[in-house]
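K.L.:
Following is a predicted model, sequence given first.
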Amino acid sequence: MLTIRKSQDRGYADHGWLQSFHSFSFAGYYDPRHMGFGNLRVINEDRIAPGTGFGTHGHRDMEIISYVLSGELAHKDSMGNVKGIPPGDVQRMSAGTGVMHSEFNHAAGQTTHFLQIWIEPNVRGIAPSYEQKSFTDAEKRGTLRLVASPDGAQGSVLIHADAAIYAGLLSGDETATLPMQPGRKGYVQLVRGTVMVNGECLKAGDAAMLENETQVSLSGGQDAEVLVFDLAN
């Protein structure tokens, strides 16, 4: 079964300095039909205005992934990490027993556009930790590149969760397929462009939720950038 969630059906918040689309219930947006999908809890598509950002705040027992699309995200946390996250980088922060951090856009005249992703961990009370890796466009072109996994396979960032995240860039005749194991869920978030998912058309911001499917099949992309999640039920 495949269910499409249209971009315009997401929650939306305009804070002036921040425009945010919420795929699942978050902060002031509540929809009991969309509390998460499997162990995927949050996908926020955020745009941060120049010279603004999220002040220092805390998290516990959550796997938090940032995927920057344009601009740069400045990260600082209580573990001592002070990092810039450019497009192409995937950042993973395991909040564990607790971490404080801030995220800012220091670039003048340039909006930072990124996805903030939360996945429920399969272990709690661990020491907080941080990891950041870069994945080139060439690695993602015409395929699904593993960027986050429970064991750090293929140079992906390691997440403490029963989930895997793949990133792909597809145009023209390029196709990509991800087998789905029985009892698993698949989630496809189209970041930009258009693409066909198991024969259904997605446009930028749309998502596809897959249950009891044998595979995720991507084709017919037009400047498509896509994230595919393999999730616990």
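P.N.:
Arrived safely.
K.L.:
If you drop the residues flanking it in sequence, what lies closest to Met93?
P.N.:
Spatial nearest neighbour of Met93, chain neighbours left out: Ile64 (4.6 Å); criterion: CB to CB, 6 or more residues apart in numbering. Any C-beta I mention is one placed from the backbone N, CA and C, and that applies to glycine too.
K.L.:
can I have the longest strand seen in the chain written out in PDB, keeping just the CAs?
P.N.:
Taking DSSP state E as the criterion, the chain has its longest strand at strand 215-231. Coordinates of each C-alpha in strand 215-231 appear next as PDB, following Å, rounded to 0.1, in the frame of the first residue of the first chain:
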ATOM      1  CA  GLN A 215      10.300  -2.400  -3.000                       C
ATOM      2  CA  VAL A 216      10.600   1.300  -3.500                       C
ATOM      3  CA  SER A 217      11.000   2.000  -7.200                       C
ATOM      4  CA  LEU A 218      12.000   5.500  -8.400                       C
ATOM      5  CA  SER A 219      11.900   6.600 -12.000                       C
ATOM      6  CA  GLY A 220      10.900   9.500 -14.300                       C
ATOM      7  CA  GLY A 221      12.900  12.000 -12.300                       C
ATOM      8  CA  GLN A 222      13.100  15.700 -13.300                       C
ATOM      9  CA  ASP A 223      15.900  17.300 -11.300                       C
ATOM     10  CA  ALA A 224      14.700  15.200  -8.400                       C
ATOM     11  CA  GLU A 225      16.500  15.000  -5.000                       C
ATOM     12  CA  VAL A 226      15.000  12.400  -2.800                       C
ATOM     13  CA  LEU A 227      15.400  10.800   0.700                       C
ATOM     14  CA  VAL A 228      14.200   7.200   1.200                       C
ATOM     15  CA  PHE A 229      13.800   5.800   4.700                       C
ATOM     16  CA  ASP A 230      13.800   2.100   5.600                       C
ATOM     17  CA  LEU A 231      11.900   2.000   8.900                       C
END
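K.L.:
what pairs with that strand, and is each one parallel or antiparallel?
P.N.:
strand 163-170 (antiparallel), strand 176-179 (antiparallel), strand 185-197 (antiparallel) (DSSP bridges).
K.L.:
Check which helix or strand the residue nearest to Met93 maps to.
P.N.:
Assigning secondary structure by DSSP states H and E places Ile64 in strand 63-70.
K.L.:
ok, and what's touching that strand?
P.N.:
73, 75, 85-95, 103, 110-121, 147-148, 157, 159-161, 163, 165, 167, 191-192, 225, 227 (CB atoms under 8 Å, 6 or more residues apart in numbering).
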